[in-house]
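Chemist: I need the structure of the sequence given here:
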Amino acid sequence: MTYDEETKSNYGFRRTFNLFELGLGLELFFGDKVSLFGHYNYLFGTDQLFEIDIAYQINGGDIKREQISSNGSYRLLKFGVKYHL
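Modeler: From the prediction side, this is the model:
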């Protein structure tokens, strides 16, 4: 089996773009100085940031084309311990 790939990128980076955030957090206090926290955030963009065109062929078969694009969305998971001075 052979796999040939050709990738072309069209990066149209923008200086600014819309990004909205949804999140949920929990903080547990132990006394006056120490706390344990956990946060989950989902940030999603509304503008397309870049697009990648991919052409590939497997075992000499037909050339297939796919397109990947991103709007800058991502997930964030944080855990930690805080010591309040």
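Chemist: in which helix or strand would I find residue 22?
Modeler: In this assignment (DSSP states H and E), residue 22 forms part of strand 19-30.
Chemist: Following the chain onward from that strand, which element is next?
Modeler: Next along from strand 19-30, by DSSP H and E: strand 34-45.
Chemist: Can you name every helix or strand that that next one contacts?
Modeler: In terms of contacts (3 or more CB pairs under 8 Å, 6 or more residues apart in numbering; DSSP states H and E), strand 34-45 is packed against strand 19-30, strand 74-83. Bear in mind the C-beta positions are built from the backbone N, C-alpha and C, glycine included.
Chemist: Now render those strands as TSV, adding distance to residue 60 and mean neighbour count.
Modeler: Formatted as TSV, those follow (distance: least, CB to CB, whole Å; neighbours: other CB atoms under 10 Å):
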stretch	distance to residue 60	mean neighbour count
strand 19-30	44	10
strand 74-83	38	10
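Chemist: Would you reformat those strands as JSON lines and include mean pLDDT?
Modeler: Listed next are those as JSON lines, based on pLDDT from 0 to 100:
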{"stretch": "strand 19-30", "mean pLDDT": "94"}
{"stretch": "strand 74-83", "mean pLDDT": "94"}
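Chemist: show me the contacts for the residue most central in space within the chain.
Modeler: The chain has residue 74 as the residue nearest its centroid, 3.2 Å off, counting by CA atoms, centre = their mean. For residue 74, the contact set (CB atoms under 8 Å, 6 or more residues apart in numbering) comprises 42, 43.
Chemist: With that, I have no additional questions.
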